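Asker: next one to model:
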Amino acid sequence: MKTLILVVTASLATASAAANAAPTNDCTQILETLKASASAITQNANSYWQHRADFVSLNYGQARQAVPNALTVARQEKSHGNALRAAMPNSLAIFNDQVTVALSQNCLSPTQLSAIVEPIIKDAKRVKFDKFPEDKRESSVNHGPPRMPNN
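Answerer: Numbers count the residues shown, from 1 in each chain. Take a look at the predicted model:
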């Protein structure tokens, strides 16, 4: 898993360096690189939360009794998650460099770029600070019991 993270980080760094070094106005390539970087951050964030959920389940949930070596597996899950979390700031920095290149080459309008950038930065920061993502179902539900009628 650590090797995969290093390979992804190295490929993103190479792509970012190539995008910064190339004075070409090839927006197609810039946008493909930006989308690939965004996809990698999203995938790593989702993987991090899955490892985090498995860790919690193996330590405190029903999996603790079901898995014979639950504490060992939980430590492995935590280790995999920590590796993804440690790589996130670098991935985010590379992504931000690619955003700068896209802006400087006028590949997208600021509004279009914002629609791509904001969710990715939010995902990366949530992983970096270990803040669970919001559950959209919970945010749309009224909180608290209904009020009693005044009679």
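Asker: gap between residue 122 and residue 70?
Answerer: According to CB to CB, to the nearest Å, residue 122 stands 32 Å off from residue 70. C-beta here means a position set from N, CA and C on the backbone, and glycine is covered the same way.
Asker: the two: which is more packed in?
Answerer: Higher neighbour count among residue 122 and residue 70: residue 70, with 16 against 13, using other CB atoms under 10 Å.
Asker: next one: residue 43 from residue 58, what distance?
Answerer: With the distance defined as CB to CB, residue 43 ends up 22 Å from residue 58.
Asker: compare those two (neighbour count), which wins?
Answerer: In terms of neighbours (other CB under 10 Å), residue 58 is the more surrounded of residue 43 and residue 58; the figures are 23 against 12.
Asker: and that one, how far is that from residue 95?
Answerer: 31 Å.
Asker: where does pLDDT dip in the chain?
Answerer: For the chain, residues meeting the criterion pLDDT under 70 lie at 1-25, 133-151.
Asker: how about a cut-off of 80?
Answerer: Low-confidence segments of the chain, defined by pLDDT under 80, span residues 1-25, 132-151.
Asker: can you give me the helices in it?
Answerer: 2-21, 27-60, 63-66, 70-104, 110-128, 136-139 (DSSP state H).
Asker: pull the third one out as CSV, backbone CA atoms only.
Answerer: Included here for helix 63-66 are C-alpha records, laid out as CSV according to Å, rounded to 0.1, in the frame of the first residue of the first chain:
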residue,chain,number,x,y,z
ALA,A,63,-15.9,-7.5,14.1
ARG,A,64,-13.8,-7.6,17.3
GLN,A,65,-15.5,-10.8,18.2
ALA,A,66,-15.8,-12.2,14.7
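Asker: neighbours around the residue lying closest to residue 47 once chain neighbours are set aside, how many?
Answerer: Nearest in space to residue 47, with sequence neighbours left out and distances taken as CB to CB, 6 or more residues apart in numbering, is residue 84 at 5.9 Å. Counted with other CB under 10 Å, the neighbours of residue 84 add up to 24.
Asker: would you agree residue 84 is in contact with residue 46?
Answerer: No. Residue 84 is beyond contact range of residue 46, at 9.7 Å (criterion: CB atoms under 8 Å).
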